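S.K.: The following block contains a protein sequence and its predicted model.
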Amino acid sequence: MSLSDVREFILRNRRRLLVGLVAVLGIILATGFLFREVVPEVSEEEKIPSFSLAQEPGSVVGAVDLSKLASADFPPSITVYRTGKKDLTFTQDESKTLAASFGFSQLSGEVDTPLGKIYVFAKTGEELTVTSNPRALHYTREGASGAGKLPTSVDAVQNARGFLTAKNLPDPGSVSPIVKYLSTLGERTTETVAEEARFVEVIFPWSVNGLDILGESPTDAAARLVFDSAGKLVYLTFKFSDYSFAVAQNIPLVSFTEATSVLGREAQVVLVRPTGVVKEWTLSGSSNLSSFAPESVRLVYVKQSQGDLLYPVYLFEGTGRTGGIDVKAAVYVLAVSSRYIKEE
């Protein structure tokens, strides 16, 4: 068939060809409509308040390297819990009993707060505060010893549990205590390997539904203990379990793939610690990461300092850079789709 024959055929049958083309397009559109993914609307009753931290978190403003992160499976949905404050407080006599187990013989002072009293105990190089409401302990000791060898992570957990038992403090019962090795402690806390460390840190979160409960950062947990290389306690925070938990609702989770895809946009950097020896380091202005390489991820609950919900959050931990130095970093990514968050 010559080109002129083709033109003549099209001219004679152009109406039929046009009708056929329209029919084909109609079939394609109808098929797409029938088989498209149906996304149900989320009612306002199903939505939860927005997730925000009291301290302004940092951001991942540079490249995200996922090469060290193994894929992980998480459930498609999870229970969201609402917390309730129990009517529990410490009296002055109870605070003195707790202080006596730490070797403090007398009360040094009291501080009045809107929620209750804080009892202060002090002696040379040591201080203990007992917060009456919510109930908590905070202990510090100066003059850490450099003699001795730090324990393995397994032994460090056992030592920490033994210490809590000896002080008549409840065992948080965490199935996944966290152990870190530190070269310095305080505002300039830095992480290192066990062979070069001067301190070992053990963190016990409370848990519900088999998941850890954390606060504004991974160190904001039920108990945080730091021991020096001589095995002596130099730092302790202990928060008593003063909350009840009630099921609020069941809510879908974003997948592992979805969570990793937003690390560069929605991640909230909640912990930054330099690694190795750092001469100049200040926390202010150093929480944004110019690069981040997550090495692990787990699903946790996070309780905001204000509010009564436990939010499901993916906790990514790995290495990064900020201000030109190498750091260990922890990042929160909300595990709930934005469709289930109330607009404010």
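M.R.: Perfect, thanks for sending it.

S.K.: I'd guess residue 45 is in a strand, am I close?
M.R.: No: applying DSSP: H, G, I helix; E, B strand; the rest coil, one finds residue 45 to be helix, outside a strand.

S.K.: can you pull the pLDDT of it?
M.R.: Listed pLDDT for residue 45 reads 79.

S.K.: same question, the one 4 residues further on
M.R.: Looking at residue 49, its pLDDT stands at 89.

S.K.: What count of nearby residues applies to the spatially closest residue to it that is not a sequence neighbour?
M.R.: Leaving aside its sequence neighbours, residue 49 sits nearest to residue 342 (C-beta to C-beta, 6 or more residues apart in numbering; 5.6 Å). For glycine as for every other residue, the C-beta is placed from the backbone atoms N, C-alpha and C. Residue 342: 10 surrounding residues under other C-beta atoms under 10 Å.

S.K.: Can you show me the strands along the stretch 1-150 of the chain?
M.R.: 60-64, 77-85, 109-112, 117-123, 126-132, 135-141 (DSSP state E, counting those that start in this stretch).

S.K.: out of those, nearest to residue 102?
M.R.: Closest approach to residue 102 among the strands of the stretch 1-150 of the chain is made by strand 126-132 (5.4 Å; C-beta to C-beta).

S.K.: so where's the protein uncertain?
M.R.: Counting by pLDDT under 70, the chain has low-confidence residues at 1-40, 145-147, 187-188, 276-286, 344.

S.K.: Can you give me the domain assignment for it?
M.R.: Taking automatic domain parsing as the reference, the chain has its domains at 48-83+247-340, 84-245.

S.K.: Just put those in TSV and tack on mean neighbour count.
M.R.: Converted to TSV, the domains of the chain look like this (neighbours: other C-beta atoms under 10 Å):
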stretch	mean neighbour count
domain 48-83+247-340	17
domain 84-245	17
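
S.K.: Need these in a markdown table (columns: distance to residue 42).
M.R.: Converted to a markdown table, those look like this (distance: least, C-beta to C-beta, whole Å):
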| stretch | distance to residue 42 |
| --- | --- |
| domain 48-83+247-340 | 5 |
| domain 84-245 | 22 |
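
S.K.: what about the helices in the stretch 101-250 of the chain?
M.R.: Listed in chain order, the helices of the stretch 101-250 of the chain (DSSP state H, counting those that start in this stretch) span 153-166.

S.K.: Which SSE is immediately downstream of the one helix or strand residue 317 maps to?
M.R.: For residue 317, the element it lies in under DSSP states H and E is strand 309-322. Downstream of strand 309-322, the first helix or strand assigned by DSSP H and E is strand 325-334.

S.K.: what residues does that next one touch?
M.R.: The contact list for strand 325-334 (C-beta atoms under 8 Å, 6 or more residues apart in numbering) reads 51, 53, 57, 60, 191, 217-218, 259, 262-263, 266-276, 278, 281, 289, 292, 294, 302, 311-322, 341.

S.K.: Stretch 50-65 too?
M.R.: 216, 260, 263-264, 267-270, 272, 287-294, 302, 304-306, 311, 313, 320-322, 331-332, 334, 336, 341-342, 344.

S.K.: Let's have the strands of the stretch 1-150 of the chain in JSON lines, adding distance to residue 201.
M.R.: Shown next, in JSON lines, are the strands of the stretch 1-150 of the chain (distance: least, C-beta to C-beta, whole Å):
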{"stretch": "strand 60-64", "distance to residue 201": "24"}
{"stretch": "strand 77-85", "distance to residue 201": "26"}
{"stretch": "strand 109-112", "distance to residue 201": "27"}
{"stretch": "strand 117-123", "distance to residue 201": "23"}
{"stretch": "strand 126-132", "distance to residue 201": "19"}
{"stretch": "strand 135-141", "distance to residue 201": "14"}
